[in-house]
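Enquirer: with the sequence up front, the predicted model follows.
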Amino acid sequence: MHVDETCPHCGSASVAAVGPARPYAPPPGLPAEGLRVDRPDDEPDRRCLSCAFAWPVSDPYPRWPLTADLAWLTPDDRRRATALIDERFRVTTGVCDAVRASSADAEEPLAAYADLGDWLSQRYADVLGDPVGAGMDRLVVPADRSDAVRLLESANRVCRALELVRSASVVEYDRDVREVGYRLVEFDRLERELDLPSSLGRDLPSAVDPVPDDPDSDEGTLAALLRAGAPEAAAGVDESWESVVDMATAVFARHGSALAWAREAWQVLGGAGLTSFDTHVDRARVACRLLCLDVLRQEFDVRMFDGGAPGYWTLDVDALLDTVDGVDPVVLGMLAERDDLGLDTEADADPEDGWCRAVVDEVVRQECSEVVWALRAHQRDAVVFASLWAAARDDVAYPLSDEAVAWIVDSDLSADKMVAYEWVGDGMPID
């Protein structure tokens, strides 16, 4: 059923009613005086058939995980929404800071977690069941706070893991403490990627220092070599890259020149016959090999740039499933059955991450050895090392020239560089 409206996001007139609206109530921090609250319970929501944007007809603002364009918000509503997010952000990420600073002492993070619980209970009625997530789906998120709320959700996962530690039995305790560590590494990695402004209480250094402009310095010479790439580099790219390019962009584009490195590594995998496919199931396996590249990048960065603990990598399963060239969950199920992964949707899948994540995790673990073999068989270890090292920097052209590889490997030797190089030589383990 089409309706006579236009999409507030893209302006398209292709708008459809998509079901009954849920009763509207303004979220805490956004009092009713500043908003229209006259939304009938039986009035349908709207969805744009062109851009898939969805909105309720009487609620003036979308709720997280959608963001609100700054032009849509009145000054008072924007101020209230921003203040609520910033305050919740500081209280929740304070728990992560306490975990990081506490080492083996659990008292400080548990006290910070109790403060968070008090803050939530004062503002939300539905703190039972999932107290950490209370009210998240009712947040009005101005577009300039979307990264902060992404990091807030990661901090929520640390807090949920900490809650398990509070109630763990002797048998469960060590496992739950490891889960807290895993979630904290995930939080730290996202925190560095987003590099939020210090106005949010997170004054974050960049993982890699910027390159000086002086062309006569060593850094300036290296930067010039990295921008130039190999002088006789082939212009073509493996045809299968087009089938994963949207997914690759979602996974790698936020990390320096990692997308350019992934494209070059994909060429190598293509030469080893690891990127071709004839069926949807084979394509799903090939897509998981793309995620293997990201796992290897993360494991390298952990050792080279002190980015956390080895073995605590994360998979961007959303990119695998939700991008234009993504994989259908049904096809993942067929791949799990073909490989006899033995995953049961209820018994073996993590209740938070879901069955799809469990399948992708298992497939990535079993495919990573093939990907590593291809990279090391078709490139010298020095090239593999230098290519991963350069991926953390901006404005790098691949493949690297021999001079750039030698410069990276032989200059500025450090303990971290030796550890990362040994990891490459040891077969690039991911566990």
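Expert: Ah, there it is. Because the structure is a prediction, the values reported are computed rather than measured.

Enquirer: name the helices or strands packed onto the longest helix seen in the chain?
Expert: Longest helix of the chain, by residue count under DSSP state H: helix 75-102. Helices and strands touching helix 75-102, by 3 or more Cβ pairs under 8 Å, 6 or more residues apart in numbering; DSSP states H and E, are helix 107-123, helix 146-166, helix 170-194. C-betas here are computed from N, CA, C, even on glycine.

Enquirer: looking at the ones you listed, which is buried most?
Expert: Most buried of the helices and strands packed on helix 75-102, by mean neighbour count (mean count of other Cβ atoms under 10 Å): helix 146-166, with a mean of 20.

Enquirer: who touches stretch 360-374?
Expert: Here stretch 360-374 makes contact (Cβ atoms under 8 Å, 6 or more residues apart in numbering) with 268-269, 271-272, 274, 284-285, 288-289, 291-293, 295-296, 315, 317, 320, 332, 335-336, 339, 341, 343, 427-428, 430-431.

Enquirer: now, of those, which are buried?
Expert: Buried by 16 or more other Cβ atoms under 10 Å: 268-269, 274, 284-285, 288-289, 291-293, 295-296, 315, 317, 320, 332, 335-336, 339, 341, 343, 428, 430, out of those.

Enquirer: from those residues, which land in helices?
Expert: The helices, defined by DSSP H, take in 268-269, 284-285, 288-289, 291-293, 295-296, 317, 320, 332, 335-336 from the buried ones among the contacts of stretch 360-374.

Enquirer: which one among those gets closest to R303?
Expert: R303 lies nearest to L296 out of those, by Cβ to Cβ, at 11.2 Å.

Enquirer: the closest one is in contact with A391, isn't it?
Expert: No. If you go by Cβ atoms under 8 Å, L296 and A391 don't touch, sitting 10.2 Å apart.

Enquirer: list the contacts of the host helix or strand of V251.
Expert: Using DSSP states H and E, V251 sits within helix 245-252. Residues from elsewhere that reach helix 245-252, judged by Cβ under 8 Å, 6+ apart: 241, 258-259, 261-263, 266, 287, 290-291, 294, 297, 316, 318-320, 323-326.

Enquirer: about what we covered before: turn the helices and strands packed on helix 75-102 into TSV, columns for distance to D412 and mean pLDDT.
Expert: Formatted as TSV, the helices and strands packed on helix 75-102 follow (distance: least, Cβ to Cβ, whole Å; pLDDT from 0 to 100):
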stretch	distance to D412	mean pLDDT
helix 107-123	37	78
helix 146-166	32	85
helix 170-194	21	78
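
Enquirer: need these in a markdown table with distance to V419, can you?
Expert: Output for these, formatted as a markdown table (distance: least, Cβ to Cβ, whole Å):
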| stretch | distance to V419 |
| --- | --- |
| helix 107-123 | 29 |
| helix 146-166 | 26 |
| helix 170-194 | 17 |
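
Enquirer: and of the ones you listed, who's closest to A16?
Expert: helix 146-166 (25.8 Å).

Enquirer: so how many other residues sit close to G273?
Expert: For G273, the tally of surrounding residues (other Cβ atoms under 10 Å) stands at 9.

Enquirer: give me the phi and psi for it.
Expert: Per-residue torsions, G273: phi 80, psi 20 (degrees, to the nearest 10).

Enquirer: burial measure for T279, as a count.
Expert: 10.

Enquirer: same check on the one 4 residues further on?
Expert: Using other Cβ under 10 Å, R283 is surrounded by 21 other residues.

Enquirer: so it sits against S243, correct?
Expert: Yes. Using Cβ under 8 Å, R283 makes contact with S243 at a distance of 6.9 Å.

Enquirer: so which of the ones in helices among the buried ones among the contacts of stretch 360-374 is the closest to R88?
Expert: Checking these one by one against R88 (Cβ to Cβ), the nearest turns out to be V317, at 25.9 Å.

Enquirer: what residues are up against the residue most central in space within the chain?
Expert: Central residue of the chain (Cα atoms, centre = their mean): D316, 5.6 Å from the mean position. When the contact criterion is Cβ under 8 Å, 6+ apart, the partners of D316 are A250, V251, L291, D294.

Enquirer: out of the residues you listed, who's the most crowded?
Expert: When those are compared by neighbour count (other Cβ under 10 Å), L291 ends up highest, at 26 neighbours.

Enquirer: E362: neighbour count?
Expert: Neighbours of E362 (other Cβ under 10 Å): 18.
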